[in-house]
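>>> build me a model:
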Amino acid sequence: MPKENWQKLKLLKLVDLLRQETDEQHPLTTAQICERLRAMDIPCDRRVLSKDIDLLNDNGVEVLWTWVGKGKGYYVEDRNFSVPELKILIDAVQAASFITEKKTEDLVNKLASLGGTNRAEILKSNLTHFNTRKHSNESIYCNVDAIEDAIQHQKKIIFRYFDLDIKGEKSYRRDGHHYVVEPVALVYNEDNYYVVVYSERHDNTANYRVDRMDSVEVIEENISEKAMTLKDKVGEYTEQAIKMYGGEPQTVVLEFDSKLTGVIYDRFGEGVNMMPSSEDKILVTVKVQLSPTFWGWLFQFGKRMRVISPEVVVKEQRERIEELLS
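Purely as a prediction, here's the structure:
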């Protein structure tokens, strides 16, 4: 290999070595760097190495140094992600139930490696093992890839959709017949990943869990104008839906115990307006989708929360309570 090519290769390997194996607590001395480069069959001269490091610093790769004994030790701190940022990303991956056990392990290793070898060991040694029921659909990445491709190119998708039976085996809806829908957005909500779609057949929005989709393919049919306009409304839609279970949109007034203020903020965001109702009661006006999951969410608080208007929703509230009592 020509000398100039060796030099280019050495600089590339030197940058990679410093980013992967060094930080302020783990500098590498000149002798250690030369030893590692030689192990890669790359010639390294102690006298030239300092010039190489100067060249890196002059071209945007900040290589710092500190005293190691009587000599210099070199390291880099310039990384795309800090340890706290990587820790947050790793914990999010571990907590996400739609990512299978195998893919969780692979993804955690990749994220940890972004911090360099030494920080990767620290991050993996401090893993929190969440009590998350991981799903088993290993084609989740393929599904996401196909759906995202369809969204970007404004195309329809075709797939089969399944539930799990009492034996944990796939039970396909519609007797295994395919769904053809117009994807609008991918949404992460309460530990699951959903694709929000427009269904021309029902002239309505619907959601499908990505880990329950099978044989997802993009088809060469453009989505409708109506589907395109829904993209800007996805944020509003997900705010109204509870556990992504769609229903009739309705503005309601809730009355709740003052101790449930945090619950309301968590559910509807910190921008909602509240006002006192009585000594220990608060009122809030929110827009929700009336669905079984909304009522399930509301009833978990018992007499500490209720709908007080509009009257049509109050009536449905009474009917559902009576149905439970019966």
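>>> what about the nearest residue to Arg174 once chain neighbours are set aside, how many residues nearby?
In space, and not counting its chain neighbours, Arg174 is closest to Tyr161: 7.6 Å by Cβ to Cβ, 6 or more residues apart in numbering. For every residue, glycine as well, the C-beta is placed using N, CA and C. Other residues within reach of Tyr161 by the criterion other Cβ atoms under 10 Å amount to 20.
>>> Leu12 too?
Counted with other Cβ under 10 Å, the neighbours of Leu12 add up to 11.
>>> ok, the one 4 residues further on next?
Summarising burial for Asp16: neighbours were counted as other Cβ under 10 Å, giving 11.
>>> the helix or strand hosting it: what's the following helix or strand?
Of the helices and strands defined by DSSP states H and E, Asp16 is found in helix 3-21. Along the chain past helix 3-21, the next helix or strand (assigned with DSSP H and E) turns out to be strand 28-29.
>>> direction included, what does that next one pair up with?
Paired strands of strand 28-29, with direction, are strand 71-75 (antiparallel) (DSSP bridges).
>>> packing partners of the helix or strand containing Pro84?
Counting by DSSP H and E, the element that carries Pro84 is helix 83-95. Using 3 or more Cβ pairs under 8 Å, 6 or more residues apart in numbering; DSSP states H and E as the contact criterion, the elements in contact with helix 83-95 are helix 101-113, helix 117-125.
>>> hmm, 6 Å instead?
Applying 3 or more Cβ pairs under 6 Å, 6 or more residues apart in numbering; DSSP states H and E, one finds that helix 83-95 contacts helix 101-113.
>>> hey, what's the angle from the helix it packs on to helix 3-21? Just curious.
For helix 101-113 and helix 3-21, the angle between their directions (axes from the mean of the first three to the mean of the last three Cα atoms, to 10 degrees) works out to 110 degrees.
>>> next, the angle helix 83-95 makes with helix 101-113.
Taking the same axes, to 10 degrees, one finds that helix 101-113 is oriented at 180 degrees with respect to helix 83-95.
>>> phi, psi for Ile158 please.
Dihedral pair for Ile158: phi -130, psi 140, per degrees, to the nearest 10.
>>> follow-up on the earlier one: what's the first helix or strand after the helix or strand hosting the residue nearest to Arg174?
Taking DSSP H and E as the definition, Tyr161 sits inside strand 155-164. Moving toward the C-terminus from strand 155-164, the first helix or strand encountered (DSSP H and E) is strand 170-172.
>>> I appreciate the help and will end here.
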